[in-house]
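# turn this into a model:
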Amino acid sequence: MLFNAFQAIYIINLRRRTDRRAEMAQQLMRVGLADDPRVHFFEAVERSDSGCFSAAGTHGCYLSHLAILESESSKDRPILILEDDCSFGREALEYELPSTWDVFYGGFTAENDRDPYTSPIIGAHCMGYSAVAVRFAAKYLRDLLDPGFPPDSQAAAKPTFDASIKPPFDGAIVWFRRAHPELVTVFAQIARQRSSRSDIAPTRTLDRIAPAVVRRVRKAMNFMRHV
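Purely as a prediction, here's the structure:
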């Protein structure tokens, strides 16, 4: 079973998003992780400033993932990091990781579906890391925050490259993997993101004027998707 491969499982959740925490509790129950001592809800970092990112939500998301990776970098164990809108498919109960792996995508959207290994990837809602990948990723992602740390390959590919604006976390992981081609990446589609009000993108008009209606619609959509 997939979850047996990890010694710690983190769920990134803003304290004020009790709705998402409750939904994640249901997801954990569905896959047999309710009350599992390996599972930890991590209080997400919330920033009011965009910093070196395009938006404040992107900034907080990046720092949340980074904080977990850095806290785990000396523990020498494989971990799974979930975002609180992660929803597991039935495949999650049957999927097993191969014997050799370092970075695991449990769900993603690739610009080139035929070659996710070299394609830009959207999505980091279900990410696994081997002990080695945890250490390397923690260092790389911390270094990436330095204004003087643009990956040469990225800068060369974009004449207008601006090192002061950093990629969102899912983009940064693609850069990290390209910087460490020796790490084995495994892709699977065993989890998706639930329809939910975003904490990263700007609040939509309907979320502001009719939040209860929008919540009911999203709940129905998620039910129809068997999440």
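# any chance you could map the helices in this protein?
In the chain, the helices defined using DSSP state H lie at 18-30, 56-72, 131-144, 152-157, 169-179, 205-209, 211-224.
# least reliable of those helices by average pLDDT, please.
Mean pLDDT is lowest for helix 211-224 among these, at a mean of 39.
# do you know how far Pro168 is from Ala67?
16 Å (Cβ to Cβ, to the nearest Å). Bear in mind the C-beta positions are built from the backbone N, C-alpha and C, glycine included.
# so Leu82 sits against Gly123, correct?
No: between Leu82 and Gly123 there is no contact under Cβ atoms under 8 Å: 11.9 Å.
# what does stretch 42-56 contact?
When contacts are defined by Cβ atoms under 8 Å, 6 or more residues apart in numbering, stretch 42-56 is touched by residues 10-15, 58-64, 67-68, 84, 145, 147, 164-166, 168, 199-202.
# stretch 168-185 now?
53-54, 58, 61-62, 65, 100-105, 108, 117, 120-124, 127, 130, 132-133, 136-137, 140-141, 144, 151, 153-154, 166-167, 200.
# buried residues in that stretch?
168-177, 179-180, 183, 185 (16 or more other Cβ atoms under 10 Å).
# ok, stretch 13-23 next?
Asn13, Leu14, Arg17, Arg20, Glu23.
# swap in stretch 34-47?
Neighbour-count burial for stretch 34-47 flags Val39, Phe42, Ala44, Val45, Glu46, Arg47 (criterion: 16+ other Cβ under 10 Å).
# what is the end-to-end distance of it?
Taking Cα to Cα, to the nearest Å, stretch 34-47 runs 30 Å from one end to the other.
# again with stretch 5-17
End-to-end distance for stretch 5-17, by Cα to Cα: 28 Å.
# got the contact list for it?
3, 20-21, 24, 33, 36, 38-44, 46, 61, 64-65, 68, 72, 75, 77-84, 86, 96-97, 128, 199.
# in strands, which of these fall?
The strands, defined by DSSP state E, take in Val39, His40, Phe41, Phe42, Glu43, Ile79, Leu80, Ile81, Leu82, Glu83, Cys86, Gly128 from the contacts of stretch 5-17.
# closest one of these to Ala191?
Using Cβ to Cβ, Cys86 is the member of these that lies nearest Ala191, at 5.3 Å.
# now the closest one. Nearest residue, chain neighbours left out?
Of all residues not flanking Cys86 in the chain, His125 sits nearest, at 4.5 Å (Cβ to Cβ, 6 or more residues apart in numbering).
# hmm, back to that, which members of the buried residues of stretch 168-185 are the farthest-apart pair?
Every pair of the buried residues of stretch 168-185 checked by Cβ to Cβ; the farthest is Pro168 and Leu183, at 20.3 Å.
# re the thing from before, distance to Met29 added to the buried residues of stretch 13-23, as JSON lines?
Output for the buried residues of stretch 13-23, formatted as JSON lines (distance: Cβ to Cβ, whole Å):
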{"residue": "Asn13", "distance to Met29": "16"}
{"residue": "Leu14", "distance to Met29": "21"}
{"residue": "Arg17", "distance to Met29": "18"}
{"residue": "Arg20", "distance to Met29": "15"}
{"residue": "Glu23", "distance to Met29": "11"}
